[in-house]
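[1] I need the structure of the sequence given here:
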Amino acid sequence: MGTLHNTAEKGQIAKKVLMPGDPLRAKFIAEKYLENAVQVNAVRNMFAYTGTYKGSPVTVMGSGMGMPSIGIYSYELFEFYDVDTIIRAGSAVSYEKDLVLQDVVIGSKSCSQSSFAFQQSGFTGDIIPADPDLMKRMEENAKKLGIKTTTGVMHSSDVFYYQPEQKQNLPLFKKYPIICGEMETFALFHNASVLGKKAAAILTISDTIHVKAQLTPEEREKSFDHMIRIALESLI
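    The predicted structure is shown next:
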């Protein structure tokens, strides 16, 4: 079987998928957290691995950066590989002063001015919710693991580098209580919605607009560990 972007055979992809943005992070997750992980895709170096987590089959696959990229990979997983659940795990910038580096955020909804959803299906809205059961499962597993999380609205942008004056004039920031920003979740939630699948997002704060600071590699690995464990526990 396979597609233009994924050469895995249909049975090589699990029904539950963890999707970080970076394909090298997918490799790291597979090697550190999964048992008997096998690489099942390497097209364009968008690595995918299937193994087991606590006995349950799980695939970890990179999504790349931006909505067009995760839009392709998540759609193919849902539609052509019979995947029923995808959790995005990535990084985000905080817009709230009390949401600081290394904090973990669970997305309740994703809003965007992107034309992705309109072009894909004619959807004219600007906000899409996460699957409520999957979101609740992540919140419950975070509590069991003793990891503090914040649940709120995410902003998914097509733009990483804004002109300074434009960033302050985005209407969605006046319309919704946005707590953090990233670049993929809106497309993932849309694909899940139109295909009748489940999707959620969990992100680690790696940057903030309030202080000039970034995570060190050691801090990034530790805080991302929290996010990954919550996501994996919620997929089984």
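
[2] And for the residue most central in space within the chain, nearest residue in space, chain neighbours not counted?
    In the chain, the C-alpha nearest the mean C-alpha coordinate belongs to residue 88, at 2.0 Å (C-alpha atoms, centre = their mean). In space, and not counting its chain neighbours, residue 88 is closest to residue 201: 4.2 Å by C-beta to C-beta, 6 or more residues apart in numbering. Bear in mind the C-beta positions are built from the backbone N, C-alpha and C, glycine included.

[3] so the residue nearest to the centre of the chain touches residue 63, yeah?
    Yes. Contact criterion C-beta atoms under 8 Å: residue 88 and residue 63 qualify, at 6.9 Å.

[4] Overlap of the contact sets of the two?
    19, 20, 21, 70, 184, 188 (C-beta atoms under 8 Å, 6 or more residues apart in numbering).

[5] After whichever helix or strand residue 137 is part of, which helix or strand is next?
    Element membership of residue 137 [criterion: DSSP states H and E] is helix 132-145. Sequence order places strand 149-156 as the next helix or strand after helix 132-145, per DSSP H and E.

[6] helices or strands up against that next one?
    Packing contacts for strand 149-156, counted by 3 or more C-beta pairs under 8 Å, 6 or more residues apart in numbering; DSSP states H and E, involve strand 104-111, helix 132-145, strand 178-182, helix 185-195, strand 198-208.

[7] Include mean neighbour count, mean pLDDT and distance to residue 218 when you put these into CSV, please.
    Listed next are the helices and strands packed on strand 149-156 as CSV, based on neighbours: other C-beta atoms under 10 Å; pLDDT from 0 to 100; distance: least, C-beta to C-beta, whole Å:
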stretch, mean neighbour count, mean pLDDT, distance to residue 218
strand 104-111, 24, 98, 17
helix 132-145, 16, 98, 20
strand 178-182, 22, 97, 22
helix 185-195, 25, 98, 27
strand 198-208, 24, 96, 13
